[in-house]
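# No sequence on hand, only this structure:
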DNA sequence: TGTTGATCATAT
DNA sequence: ATATGATCAACA
C-alpha cells in the first residue's frame, strides 16, 4: 500500500469516495490487514480498517482522527434500508472535575464539529469479508442538530455534577445518551455521589442514538452501489 | 425485535 | 485506568 496521508479535506474526501462499493476483503487486502471471521473479538476492526485506508493517525490519543484537518472519522453500520444498526460512541465522560465545563468547550461538541461518516454494511447475515463500504458523508451539525445535542448534554452533565450518575440510564436524552463504556463490569472510576462524596462507578460514555444518525444518513441520501 | 447494559482488543 | 475503535447479547 502506498503511504497515504490526506493534506486537505478534498483529498480525504476523494480517497473515501474511492472506497465506496468495495468489500472489506478488498480494502483489507489493499492495506494488508488480516480479516477476522467476525467482530465478536474485534469490535473495532472495521473502524481500524477504514482508519488505515484513509491515513488517520490519532491512535489512542484524545484527538480527532485528522487533527490538522479538524475532522473526526466514524464508521456507521447500516442495514439494507440504509438505517443505522448501532448507536455511535462519541467520547468517554469525565465524571469528576466538571466545574466550569460548558457545551462550547465540551469533548462532545469538539468531536462532532466535523465528522466524516463512512456507512458500512453491518448486517450479521453478511459474512464480514463480503460487507461493503458505502459513500462518505462529510457532516457538520446544523444549528438545530447542535441545539438537540446541547440540550441533552446539559441535562446529563447536570445530573452528573449533582451526584446522580447512578440514576442515569440509556433512556435519558433524546439524541445523546449515556451508557457504560468499559472493558468489563469490574472497571471502576471516580464520580460524585448522592451526598457529594466520591464514589466508584462504571465508566460511562456518550453515544448518539440511532434516531440522530438516521437524520444525517437520510439528509445525504446515502446508498450503496451494487 | 429493539434497546440497554455489558463487553472485546489495543495503546499509553 | 483511560483513551482509541466499536458491536455484542441479554432482556424487556
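Now that the structure is in, tell me what you want to look at. Small disclaimer: the values here were computed from a predicted structure and weren't measured.

# Mean confidence (pLDDT) on stretch A:170-181, please.
What stretch A:170-181 shows for mean pLDDT is 98.

# got any ranges where chain A has weak pLDDT?
Flagging of chain A using pLDDT under 70 yields the residue ranges A:1-2, A:58, A:60, A:221-226.

# can you pull out the helices in it?
Using DSSP state H, the helices of chain A run over residues A:9-19, A:24-31, A:45-54, A:107-111, A:143-161, A:210-220.

# what's the closest of those to residue A:88?
Residue A:88 sits nearest to helix A:210-220 of all the helices of chain A, at 5.6 Å, using Cβ to Cβ. C-beta coordinates here come from the backbone N, C-alpha and C atoms, glycine included.

# gap between that closest one and the chain center?
Here helix A:210-220 is found 14 Å from its chain centre; the criterion is Cα atoms, centre = their mean, to the nearest Å.

# How about stretch A:153-173?
Distance of stretch A:153-173 from its chain centroid, counting by Cα atoms, centre = their mean, is 20 Å.

# Show the end-to-end separation of that stretch, please.
8 Å (Cα to Cα, to the nearest Å).

# In contact with residue A:212, which residues are there?
Contacts for residue A:212 (Cβ atoms under 8 Å, 6 or more residues apart in numbering) come out as A:145, A:148, A:149, A:175, A:176.

# quick one: the nearest residue to residue A:165 once chain neighbours are set aside from residue A:41, how far?
Excluding its sequence neighbours, the residue lying closest to residue A:165 (Cβ to Cβ, 6 or more residues apart in numbering) is residue A:191, at 4.8 Å. Residue A:191 sits 30 Å away from residue A:41 when distances are taken as Cβ to Cβ, to the nearest Å.

# swap in residue A:197?
Residue A:197 sits at a distance of 38 Å from residue A:41 (criterion: Cβ to Cβ).

# possible to save the contacts of residue A:212 as JSON lines with distance to DNA strand B and neighbour count?
Shown next, in JSON lines, are the contacts of residue A:212 (distance: Cβ to the nearest atom of the strand, whole Å; neighbours: other Cβ atoms under 10 Å):
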{"residue": "A:145", "distance to DNA strand B": "19", "neighbour count": "17"}
{"residue": "A:148", "distance to DNA strand B": "16", "neighbour count": "19"}
{"residue": "A:149", "distance to DNA strand B": "16", "neighbour count": "24"}
{"residue": "A:175", "distance to DNA strand B": "11", "neighbour count": "18"}
{"residue": "A:176", "distance to DNA strand B": "11", "neighbour count": "23"}
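
# pretty sure residue A:84 contacts residue A:213?
Yes. Using Cβ atoms under 8 Å, residue A:84 is in contact with residue A:213, at 4.7 Å.
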